[in-house]
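Participant: need a structure here:
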Amino acid sequence: MPILSIFLTFLLKIHGPEQIMPGLFLIIAIYSAAIGAPFKKIKGRVKEAILVEFMKSFHPEMIYSYQQDGAIGKRIAKHVDLITFTSGHEEDVLVGKLLGANFYISELNLSKKSGKSLINVFSGILFELTIPGKDFPDSEIRSGTDAGNTIGNLFGRVNYNDEYNFYYDTDDHEKFERELGPLFPFIQHLSRSNGGLKIKTEHNRIVIMMDSDMKFLDTPSFDLNKSFFNKEYNTELGKQLNTLLFIVESFSNNLEKSKIIERLKLKILETVDRELNA
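Facilitator: Numbering: from 1, shown residues only. This next block holds a predicted model:
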């Protein structure tokens with residue numbers, strides 16, 4: 001960018017403040033068209049290629065597809081109304097089927113207009129799971145520092161689960177405990193690990209909005225002067241992907257509390273072991 005700016009300044013004879021802004025916009029447009037957009041396409045193809053090889057090795061049975069950009073996540077977030085927002089950006093979308101459940105996972109950033117500026121209201125991972133045979137009550141779960149103030153209060157008084165530290169509202173308390181009770185330890189773990197969690201359930205569908213600084217398929221970040229194929233990237237991809245798929249598996253499987261806690265401990269030990277031996 002600096003070299004391009006200097007070159008075009010002399011080439012176009014940009015002088016004076018009245019010419020600086022048009023010249024700057026031109027420089028940005030040229031950079032985006034000549035370098036930014038092609039590099040983004042290259043990154044998308046590399047991510048997809050690495051993902052294909054990883055899935056072949058570790059999840060050969062899984063049916064999935066990858067998209068670098070997406071728009072469905074914003075519609076999902078708007079429909080469940082867990083967060084009020086006016087604009088958003090979505091990327092690195094993974095759609096597939098695991099243990100009979102259809103899943104949609106994406107990295108989502110949402111903003112809300114405040115005066116003349118935009119404020120970020122959500123940065124994290126969105127999950128939408130459709131699980132055949134399930135019949136969840138119409139419910140909302142929130143955890144995190146501001147959970148009690150932001151829950152939608154769908155059906156009346158907001159409830160608090162002091163054992164697992166989350167707020168909730170539901171149209172059927174008995175069904176809520178029966179269908180979602182086994183997941184309470186995992187919901188608590190996700191909240192502690194990521195800072196905040198918002199969940200909407202209805203019929204056979206669960207939508208999860210998990211606050212997270214995870215940069216799925218972008219850690220470490222791609223750079224023009226570095227090889228795209230490196231051990232650090234593959235290790236991080238494995239950790240991220242296994243974490244996301246374990247979340248899908250845990251919400252999809254009808255496991256007892258003890259089973260989820262046991263699997264969770266094993267997954268944590270497995271992750272630590274891989275990091276120590278990497």
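Participant: show me the contacts for the residue nearest to Thr201 when sequence neighbours are not counted.
Facilitator: Of all residues not flanking Thr201 in the chain, Phe136 sits nearest, at 3.8 Å (Cβ to Cβ, 6 or more residues apart in numbering). Glycine gets a C-beta too; all of them are placed from N, C-alpha and C. Residues counted as contacts of Phe136 (Cβ atoms under 8 Å, 6 or more residues apart in numbering) are 175, 179-180, 201-206.
Participant: and Phe136, how far from Glu174?
Facilitator: Distance from Phe136 to Glu174, counting by Cβ to Cβ, to the nearest Å: 13 Å.
Participant: could I have the CA atoms of the strand or helix carrying Lys175 written out in PDB?
Facilitator: Using DSSP states H and E, Lys175 maps to helix 173-180. The C-alpha atoms that make up helix 173-180 are tabulated as PDB, following Å, rounded to 0.1, in the frame of the first residue of the first chain:
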ATOM      1  CA  HIS A 173     -40.400 -26.200  32.800                       C
ATOM      2  CA  GLU A 174     -40.800 -30.000  33.100                       C
ATOM      3  CA  LYS A 175     -39.900 -30.600  29.500                       C
ATOM      4  CA  PHE A 176     -37.000 -28.000  29.800                       C
ATOM      5  CA  GLU A 177     -35.400 -30.000  32.600                       C
ATOM      6  CA  ARG A 178     -36.000 -33.400  30.900                       C
ATOM      7  CA  GLU A 179     -34.800 -32.500  27.400                       C
ATOM      8  CA  LEU A 180     -32.000 -30.000  28.200                       C
END
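Participant: other SSEs contacting that helix?
Facilitator: Packing contacts for helix 173-180, counted by 3 or more Cβ pairs under 8 Å, 6 or more residues apart in numbering; DSSP states H and E, involve strand 136-144.
Participant: and the angle from the strand it packs on to helix 173-180?
Facilitator: Between strand 136-144 and helix 173-180, the angle comes out at 80 degrees (axes from the mean of the first three to the mean of the last three Cα atoms, to 10 degrees).
Participant: that concludes my questions; thank you for your assistance.
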